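> Here you go, sequence then predicted model.
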Amino acid sequence: MDPAARRVLESPEFDRLIRRRWTVSLLLTACLFVLYYGFILLVGLNKELLASRIGDVTTLGIPLGMAVIVGAWLLTALYVLWANRQWDTEARRLRDRVER
């Protein structure tokens with residue numbers, strides 16, 4: 001392995017970058033887990049609540065199910081924004097150190 005690449009891989013900046021990515025990934029995964037399995041638990045444990053009408057034809061379960069889907073999209077968008085603004089910038093800076 002190239003000595004410059006080895007120095008970057010062993011640097012505290014690279015370790016910090018990897019830790020931040022894991023932290024963000026695990027945090028967003030936990031949020032998605034709570035969102036999705038919270039809904040599934042609600043379906044399994046409180047069907048009456050989800051069956052309550054909020055209109056002529058719509059029950060509460062429909063907008064809550066849609067909220068789970070939209071929530072997953074939002075969490076994905078948050079990750080993409082973070083990756084584009086933080087991760088890519090820092091990774092590019094470290095890569096440039098190797099290429100010099």
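Thanks, I have it.
> Only C-alpha atoms from now on, for both contacts and neighbour counts.
Noted.
> tell me what the lengthiest helix in the chain is packed against?
Ordering each helix of the chain by length in residues (DSSP state H) puts helix 12-45 first. Counting contacts by 3 or more Cα pairs under 8 Å, 6 or more residues apart in numbering; DSSP states H and E, helix 12-45 packs against helix 61-82, helix 88-99.
> Which one, of those, ends up nearest to Glu48?
Of all the helices and strands packed on helix 12-45, helix 61-82 sits nearest to Glu48, with 9.8 Å by Cα to Cα.
> Show me what the closest one is in contact with.
For helix 61-82, contacts defined as Cα atoms under 8 Å, 6 or more residues apart in numbering pick out Val24, Ser25, Leu28, Leu32, Leu35, Tyr36, Phe39, Leu50, Ala51.
> can you do 7 Å?
Helix 61-82 has contacts (Cα atoms under 7 Å, 6 or more residues apart in numbering) with Leu28, Leu32, Leu35, Tyr36, Leu50, Ala51.
> buried stuff in stretch 23-36?
Counting neighbours by 16 or more other Cα atoms under 10 Å, one finds that the buried residues in stretch 23-36 are Leu28, Leu32, Leu35, Tyr36.
> In JSON lines: those residues, plus pLDDT and distance to Val43.
Shown next, in JSON lines, are the buried residues of stretch 23-36 (pLDDT from 0 to 100; distance: Cα to Cα, whole Å):
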{"residue": "Leu28", "pLDDT": "97", "distance to Val43": "23"}
{"residue": "Leu32", "pLDDT": "97", "distance to Val43": "17"}
{"residue": "Leu35", "pLDDT": "97", "distance to Val43": "13"}
{"residue": "Tyr36", "pLDDT": "97", "distance to Val43": "11"}
